[in-house]
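>>> Just to be clear, the model below is a prediction. Sequence and coordinates:
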Amino acid sequence: MGFPGTWMTESESVVYRVVPKCACSTIGQIMYYSDHGRFFDGDIHDSTTGLHKWAQEHSQPLIEANVRAHKSFAFTCVRNPYARILSSFFDKIAGIQRNGKRYRGNLVPQLAQKYGIDVGAPEDGFEFDQIKSFRRFLLFARDTIRWRKPMEPDIHWSAMSGHIATFIANGGRYDQIIFTEKFNEGMQQVLDRIETPVTVDLSHIPRFNESEGHGPKRVHKVSDYFDDLSRHLIWEIYKKDFQLFRYDFDDPDNKMPTAEVDLAEVHAKLGQ
């Protein structure tokens, strides 16, 4: 199986396990900059040179050797599950992608037909009932994760613990897990513990949010989207994420983690 979703700088200064919707574009660009002194021109997910990625065949033996020997500092980044699934909905389901099309081609029409989800269109200013459509999307997301129907779960809404576990299961060890909500603080701690060819000043790093501006804005506070049934579904899908990464299940509007991540517990529970 190897190390899917793992990126490493060409200088091998740091190894990062990507978790979708958790500042991955910004982290990838920081890694690229720390080697080359410039940002990748475009979406870092599209780069095929300048950064080692497991998806690039020539990178695999280098990443595998590094991770198995734990040669470099390894980290990942997590995000509040309520905010993450909302972000997935507004970006991937309600939004228009970078190529000007809907995500995964016929996915949105399929959801409209099977789940009654309406997400509006750019022509009507994305006018739709956000709460109703999101709750129906949540049923769909749960169905993909629980029963793998009507399709396999998508990386953008499958649980963070699942992404993070593959790295451990194949012999990797994390040195740190940072929070999207305390990004500068966590990323600075990572940078303080590694040696990079180019010095990175976080105060001058822009945020690379590749999904921004391509879809509707969220118009309600987080808790408005989650009624009793929605929260039941969220717990069913993301129970481990709340527990391991210390997020507040009881208050959807409290996006901040309640404590630091216990790395020993993460390795023990996700390495089985």
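Received the coordinates, thanks.
>>> Can you tell me which helix or strand of the chain has the lowest average pLDDT?
Using mean pLDDT, DSSP states H and E, helix 107-115 stands out as the lowest-scoring helix or strand of the chain, at a mean of 91.
>>> contacts for that one?
Defining contact as CB atoms under 8 Å, 6 or more residues apart in numbering, one finds that helix 107-115 is touched by 93, 102, 117-119, 136-137, 139-140, 150-151. Where C-beta positions appear, they are placed from N, C-alpha and C, glycine not excepted.
>>> can you rerun that using 6 Å?
Contacting residues not belonging to helix 107-115 are listed as 102, 117, 136, 140 [CB atoms under 6 Å, 6 or more residues apart in numbering].
>>> next one: stretch 144-161
Identification of contacts with stretch 144-161 by CB under 6 Å, 6+ apart yields 19-21, 78, 85, 88, 92, 141, 143, 237-238, 240-241, 244, 270.
>>> what's the distance between that stretch and the middle of its chain?
14 Å (CA atoms, centre = their mean, to the nearest Å).
>>> how about the CA coordinates for that stretch, as CSV?
Output of stretch 144-161 as CSV, limited to C-alpha atoms (Å, rounded to 0.1, in the frame of the first residue of the first chain):
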residue,chain,number,x,y,z
THR,A,144,-20.8,6.6,0.9
ILE,A,145,-18.8,6.0,4.1
ARG,A,146,-21.0,3.4,5.7
TRP,A,147,-22.1,1.4,2.7
ARG,A,148,-19.9,2.7,-0.1
LYS,A,149,-23.1,3.5,-2.1
PRO,A,150,-24.0,5.1,-4.4
MET,A,151,-20.2,5.6,-4.7
GLU,A,152,-16.9,5.1,-2.8
PRO,A,153,-16.4,7.8,-0.1
ASP,A,154,-14.6,10.9,-1.4
ILE,A,155,-11.3,11.9,0.1
HIS,A,156,-12.7,15.4,0.9
TRP,A,157,-15.3,14.1,3.3
SER,A,158,-13.9,10.7,4.5
ALA,A,159,-12.7,10.9,8.1
MET,A,160,-9.3,12.5,8.9
SER,A,161,-8.4,9.5,11.1
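>>> Next, give me the two most distant ones among the contacts of stretch 144-161.
Using CB to CB, the contacts of stretch 144-161 span at most 24.9 Å, a distance reached by 92 and 270.
>>> more neighbours, those two?
residue 92 (22 against 19; other CB atoms under 10 Å).
>>> can you list the weak-confidence ranges in the chain?
Within the chain, the ranges that satisfy pLDDT under 70 run 210-214.
>>> swap the cut-off to 80 and go again
The chain contains residues with pLDDT under 80 at 1, 122, 209-215, 272.
>>> Show me the helices in it, by range?
24-36, 60-69, 81-88, 107-115, 130-147, 160-169, 183-192, 228-244, 263-270 (DSSP state H).
>>> hang on, isn't residue 13 packed against residue 191?
No. Between residue 13 and residue 191 there is no contact under CB atoms under 6 Å: 9.7 Å.
>>> separation between residue 75 and residue 240?
Distance, residue 75 to residue 240, by CB to CB, to the nearest Å: 19 Å.
>>> re earlier: got a winner among the contacts of helix 107-115 for most neighbours?
Neighbour max across the contacts of helix 107-115 (other CB under 10 Å) = residue 117, 23 neighbours.
>>> now that one: how far from residue 154?
Counting by CB to CB - residue 117 and residue 154 are separated by 15 Å.
>>> same check, this time on residue 191
As judged by CB to CB, residue 191 and residue 154 stand 31 Å apart.
>>> How about residue 245?
Between residue 245 and residue 154 the computed distance is 20 Å (CB to CB).
>>> got it, and residue 132?
Distance from residue 132 to residue 154, by CB to CB: 21 Å.
>>> So the two - more neighbours on which side?
Of the pair residue 132 and residue 154, residue 154 is the one with more neighbours under other CB under 10 Å, namely 17 against 13.
>>> So what touches stretch 237-246?
Contacts of stretch 237-246 with the rest of the structure, by CB under 6 Å, 6+ apart, involve 78, 81, 142, 145, 159-161, 249, 257-259, 261, 266.
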